[in-house]
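**Q** Got a sequence here, can you build the structure:
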Amino acid sequence: MAERSVEDALNDIEAPQAAFTRRFSVSTLNYPRPGSIDPAGKRRRTPDQKAEERNAYSSDGSRSISSAGVSSAGVSSAGVSKRREQLQALNSPSNEGFWTQYNVIVEIATALIEYGAPSHRVEIIVSAIGNAFSIQTAFYYLPTFAVIQFPSLSSSGNFSAPSALYLIKRRGSMNFHKLPQLFDLVKELLRKGIDCDEIRSRLEKIKSAEQKAKEFPEWAIALSYPFAAMTSAVMFFHGTWKDALVSGALGLIPGLLRLVANRFDTLWWTYEIIACFLVSLVATALAPYFCYSTLILSAPVALLPGYTVTAAAVEIMTKNIVAGAVRLCYTVVYLACMIYGMTFASVIYHAQGNTSGIGFQRKPSEEVCLAEGKIHPNHLWLLLCVPLYIIAYNVYLRAPLHQWPSMIAVGSLGYAGGYVCKHIWHSPPEMNGFSAALLIGLGANIYARITDNFSFNTIVAGVFIQVPGSWGARGMLALAYAEYDRGLYYCYQMLVICVGIAGAL
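**A** As a prediction, the model looks like this:
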């Protein structure tokens, strides 16, 4: 934030006060006397009043001092002088330490939001650093910006500890290269106490450091889409191996479209709609030969907002209600955009049948899905599919290679817990999600305690493998097909699973 001098601030104060003084001095506040209002509602002025008003103007165009003996200019000068003293007190050398600490807290909070730290963790860290500096802090977060307030420590009006308000406007994106370094810096600050100059120096090095994530270029991230689609078809959507292969081929569509969107930024505005439209158009054409529901849900699996809806549930449960509600509304609209692209493609494909009276169809035939219902790949193949799915997401998230073993281990542990609950205990989905999230949380915390390393990446990998966004996509599809009972049930299951994940973590 740009710093202004005391003179600039005083000029901003004196200019409007001077204009106010010229226009509204005490002598001009002449209230009408009884009987001085004409029937038309206008105040009648006597000749003496008119002469008095003409004499009230001085030679420089300003009002004269009122007969009450109180100078409005004098009152304004006193106010400006008091404000000058306050501003000089704020910028005195004794308060320089406060401003430095304020800037350190704001810079750390900005970096945390920018590198993808969860909002409730940012709030906890800001409060902890404020306590370390003996400074009162208040943190308010929304998905597009945050506000940090530093209330004055003095309740008597003294400015020994100045109050301040900072607005942070950042869009967070996960950066698993810089976020662990930033957490290590915060941890060292809270445990050992580092000088503010050293903190700012190290923070600047973290910001300016070259990311090793360039070892995963954009074409590698585009290739992660088909691998995630192929493995998810077997793991989550009851697909056969031929469905998995076709889903992997369809997964290339959002991956290649991502490369195009990186060159034309405006395409990101409708990226999900276009990607789902193209995937659904091809899947509808292949519906007589492959399971349509498996293809349509697994091919764009990388686009599902599973982490977003889980973060919304966590924010609501941590009493950050406004941020959680905004993120949850965003998830609903985001899913509606995806389902709009899917159903619109099916309607366009079947439009030719409308001339023969068949009518437009949103839902293709699922006879193939019913025939394949009794055919499932051997469960031992999951030992290969689960690590490949997590690796695909590691590439998608540009996670460093040294973080892969912990992410694969914790994510596989969570999937194993949910799989046992579903196929052995035959428990409902909310129980599956809670059990898987509980194992993910335990595994991540044990890893952090033993190694004293950054563990948020392992939790993210576990949340992605739970795929809570797929329940929301199923619910929106059912609503689009006018299957309202199923649609509401699936949406309910999505929220219950996210609450279970948030509670277990």
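**Q** what residues are up against the closest residue to Gly116 other than its chain neighbours?
**A** Of all residues not flanking Gly116 in the chain, Met174 sits nearest, at 3.7 Å (CB to CB, 6 or more residues apart in numbering). Quick note: C-beta positions are derived from backbone N, CA and C, even for glycine. Contacts for Met174 (CB atoms under 8 Å, 6 or more residues apart in numbering) come out as Tyr115, Gly116, Leu397, Arg398, Val460.
**Q** rerun that using 10 Å as the cut-off
**A** Taking CB atoms under 10 Å, 6 or more residues apart in numbering, we find Met174 in contact with Tyr115, Gly116, Ala117, Tyr307, Tyr396, Leu397, Arg398, Ala399, Phe456, Asn457, Val460.
**Q** Would you mind writing the CA trace of stretch 496-505 as PDB?
**A** The C-alpha coordinates for stretch 496-505 follow below in PDB (Å, rounded to 0.1, in the frame of the first residue of the first chain):
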ATOM      1  CA  VAL A 496     -23.400 -34.900   4.100                       C
ATOM      2  CA  ILE A 497     -20.100 -36.300   2.800                       C
ATOM      3  CA  CYS A 498     -18.500 -32.800   2.800                       C
ATOM      4  CA  VAL A 499     -19.600 -32.300   6.400                       C
ATOM      5  CA  GLY A 500     -18.300 -35.700   7.300                       C
ATOM      6  CA  ILE A 501     -15.000 -34.900   5.700                       C
ATOM      7  CA  ALA A 502     -14.800 -31.500   7.400                       C
ATOM      8  CA  GLY A 503     -15.700 -33.000  10.800                       C
ATOM      9  CA  ALA A 504     -13.200 -35.800  10.500                       C
ATOM     10  CA  LEU A 505     -10.400 -33.600   9.400                       C
END
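**Q** For it, what does the pLDDT average out to?
**A** For stretch 496-505, the mean per-residue pLDDT is 74.
**Q** gap between it and the chain center?
**A** 19 Å (CA atoms, centre = their mean, to the nearest Å).
**Q** what's the answer for stretch 241-254, then?
**A** Centre to centre, stretch against its chain (CA atoms, centre = their mean), the figure for stretch 241-254 is 30 Å.
**Q** need the contact list for the residue nearest to Ala138 when sequence neighbours are not counted.
**A** With CB to CB, 6+ apart as the criterion, Ala138 has its nearest non-adjacent residue at 4.2 Å, and that residue is Gln149. By CB under 10 Å, 6+ apart, the residues touching Gln149 are Gln136, Thr137, Ala138, Phe139, Tyr140, Ser163, Ala164, Leu165, Tyr166.
**Q** Pick the one among the residues you listed closest to Tyr349.
**A** Nearest to Tyr349 among the contacts of Gln149 is Tyr140, at 47.6 Å by CB to CB.
**Q** if we can go back for a sec, I'd like the distance between the residue nearest to Gly116 and Tyr307.
**A** Counting by CB to CB, to the nearest Å, the gap between Met174 and Tyr307 amounts to 9 Å.
**Q** got any residues that touch both of these two?
**A** Gly116, Leu397, Val460.
**Q** quick one: secondary structure of the one residue sitting closest to the centre of the chain?
**A** Residue closest to the average C-alpha location in the chain (CA atoms, centre = their mean): Pro143, at 3.3 Å. Using DSSP: H, G, I helix; E, B strand; the rest coil, the structure places Pro143 in coil.
**Q** Show me which positions of the top helix by length along the chain end up buried.
**A** Ranked by residue count under DSSP state H, the longest helix found in the chain is helix 321-349. Of the residues in helix 321-349, 323-324, 326-328, 331, 334-335, 337-346, 349 count as buried by neighbour count, 16 or more other CB atoms under 10 Å.
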